[in-house]
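1. What follows is a protein structure lacking sequence information:
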DNA sequence: TCTGGGGTCCTAGGACCC
DNA sequence: TCTGGGGTCCTAGGACCC
């Protein structure tokens, strides 16, 4: 049996821990530039407020209903998330951290316990130790724990689906669009074919599912039948890509400002990369004009750090070079960012570099080291594992006119 | 010049998740 | 005036090789 422990209205609950007077009151949390709603309490939901609504459109209504409004504070939510995980680890060691507010747990070591009672124990302990209310769904597969959890959120707090009868009963009335893995497009397609409930989907033939919904859909359907196909991942896999992007909050029209913004993203992404012990081979730089204002312009450039440059530059230099290449005067840019691709472990990469046999490669590596060293000082090459710490120092000390740790303090350009 | 199967690698794009 | 910021997996199609 598996359990899914999911925090209720997570961001709103975090804010409420410090302001208990908001319990029972509507609360919403806003995205980065206070752009839109990204979390809401049940009371806010009852007022018809939902995720995705632009703040400027509902500002007056929020005031009218006395809704508590918060700007997002990810540091706080991350901290609470860790506390919830730490609490659950006290109860069971086999867990997968699925998202900032969800944890899967393997209950196979607890077969002697009544699952319902154990679910309540988890729920009560988390609430007591962290102040965060959670719901618990218990079932044989991940997809079914998702179903159980959704039902638990409607009131009981804990729902156990451990017999074919209970599962059947749960799936009969379960709307297709609420299934984990069925999004907007699939729900539309299935409904058009007369499939409206989880039970109907579960009972479709394998070949049909495979054809209409690919292998992912087939896995999902098997999960609904109680056959686990999506394993618990207790050791997180290393990241395949790292993205750092933001909406600007105002329009960027000058290349200089774009370079400053991109420099900021590049250093943040590189910082995260180093924290995870990774190095990168490609950087994608992208920015776009407003998509809510007619057609939008979304240039992007992928730079391979070996192929496209004569030397291996640091992430910031490569980002700046790409930015200059795709920036177009005359556009009003609204959003931008960078993505690190082709990530691999710094350790492995170090062996790679040491084992370069090809003379041309070795020569270009030497040239790279030389070029970057002249520019930024010894060992600042980010790509060699040995240079990673140096690069970090370089970022701090760099006197580049494009470098700022807080580009958002830049004067508005229009 | 035409014919052909099969394999791998890469990329773009779609769909989904929180 | 003002509309989030992360991620993953899968497929199709093209290039290239034997």
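-> Yes, it's here. Being a predicted model, the structure only gives us computed values, none of them experimental.
2. can you give me the strands in the stretch 151-300 of chain A?
-> Taking DSSP state E, counting those that start in this stretch as the test, the strands found in the stretch 151-300 of chain A are A:158-160, A:242-252, A:278-279, A:282-289, A:300-304.
3. which outside residues touch the fourth one?
-> Okay, so that is strand A:282-289. With contacts defined as CB atoms under 8 Å, 6 or more residues apart in numbering, strand A:282-289 is touched by A:245, A:252, A:258, A:262, A:266, A:296-305, A:315, A:318-319, A:322-323, A:326, A:331-342. In short, each C-beta sits where N, CA and C put it, glycine included.
4. Considering only those residues, which also neighbour DNA strand B?
-> Of the residues in those, proximity to DNA strand B by CB under 7 Å from any atom of the strand holds for residue A:302.
5. Let me see the backbone angles for whatever residue of chain A ends up closest to DNA strand B.
-> Across chain A, the shortest distance to DNA strand B (CB to the nearest atom of the strand) belongs to residue A:183, at 2.3 Å. Torsion angles at residue A:183 (phi, psi; degrees, to the nearest 10) stand at phi -100, psi -160.
6. try residue A:140
-> Dihedral angles (degrees, to the nearest 10) for residue A:140: phi -80, psi -20.
7. Contact partners for the residue nearest to it when sequence neighbours are not counted?
-> Distances taken as CB to CB, 6 or more residues apart in numbering place residue A:226 nearest to residue A:140, at 4.7 Å, with adjacent residues excluded. Under the criterion of CB under 8 Å, 6+ apart, the neighbours of residue A:226 are A:139, A:140, A:141, A:144, A:164, A:167.
8. quick one: residue A:237 from residue A:345, how far?
-> Computed as CB to CB, to the nearest Å, the residue A:237 to residue A:345 distance reads 11 Å.
9. what does the stretch 201-350 of chain A have sitting close to DNA strand B?
-> Near DNA strand B, when you scan the stretch 201-350 of chain A using CB under 7 Å from any atom of the strand, you find residue A:302.
10. my read is residue A:56 is in a helix, agree?
-> Yes. Assessed with DSSP: H, G, I helix; E, B strand; the rest coil, residue A:56 lies in a helix.
11. tally of neighbours for it?
-> 10 (other CB atoms under 10 Å).
12. What are the neighbouring residues in contact with it?
-> Counting by CB under 8 Å, 6+ apart, residue A:56 has no contacts.
13. Show me which of the contacts of residue A:226 is closest to residue A:211.
-> residue A:141 (22.5 Å; CB to CB).
14. Is that closest one in contact with residue A:219, as I believe?
-> No. Residue A:141 lies out of contact with residue A:219 (CB atoms under 8 Å); the separation is 9.8 Å.
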